[in-house]
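A.B. asks: requesting a structural model of the entry that follows:
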Amino acid sequence: MNVREFRMLMTQMNREHRYREIKELTTTMINADPNSLEAYEYRGGARYLTGNKEGCIEDFSKLAKLYKLAGNERIAKYYLLMIHRIKLEEIETIYPEN
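C.D. replies: Residues are numbered from 1 along each chain as shown. I've put the predicted structure just below:
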């Protein structure tokens, strides 16, 4: 499966809310290729949507490191920002403004 086919499959599975299957498939891909940007991206998203925010942060941290190593600081910073937002969400649930 090439990257384009993988993205199409993940998009379809996302639309169908098949997050468990996404996590299983992407974990298999990560085991085969620990530097698979696409697999970390989709697994992190599926983890977030199923309430596994720690797992999501783990995957997004790995993405930030991989993008930084590849010289793409802009995307690395994007994932660091996403991590910050997830952590902020957690704080806001503990200490709501109201």
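A.B. asks: alpha carbons of the lengthiest helix in the chain, as CSV, please.
C.D. replies: Selection of the longest helix in the chain by residue count, based on DSSP state H, yields helix 73-94. Backbone C-alpha positions of helix 73-94 (Å, rounded to 0.1, in the frame of the first residue of the first chain) are rendered in CSV as follows:
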residue,chain,number,x,y,z
GLU,A,73,10.5,22.9,12.0
ARG,A,74,7.1,24.4,11.1
ILE,A,75,5.3,21.0,11.2
ALA,A,76,7.3,20.0,14.3
LYS,A,77,6.0,23.1,16.1
TYR,A,78,2.5,22.4,14.9
TYR,A,79,2.5,19.1,16.7
LEU,A,80,4.1,20.7,19.8
LEU,A,81,1.2,23.2,19.8
MET,A,82,-1.3,20.4,19.5
ILE,A,83,0.2,18.7,22.5
HIS,A,84,0.0,22.0,24.4
ARG,A,85,-3.7,22.3,23.5
ILE,A,86,-4.5,18.8,24.6
LYS,A,87,-2.8,19.4,28.0
LEU,A,88,-4.7,22.7,28.3
GLU,A,89,-8.0,20.8,27.7
GLU,A,90,-7.1,18.5,30.5
ILE,A,91,-6.4,21.4,32.9
GLU,A,92,-9.7,23.1,31.9
THR,A,93,-11.7,20.0,32.7
ILE,A,94,-10.1,19.9,36.2
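A.B. asks: so residue 34 is in which element?
C.D. replies: For residue 34, there is no host helix or strand (DSSP states H and E).
A.B. asks: in the chain, where is pLDDT below threshold?
C.D. replies: 98 (pLDDT under 70).
A.B. asks: perfect, that will be all.
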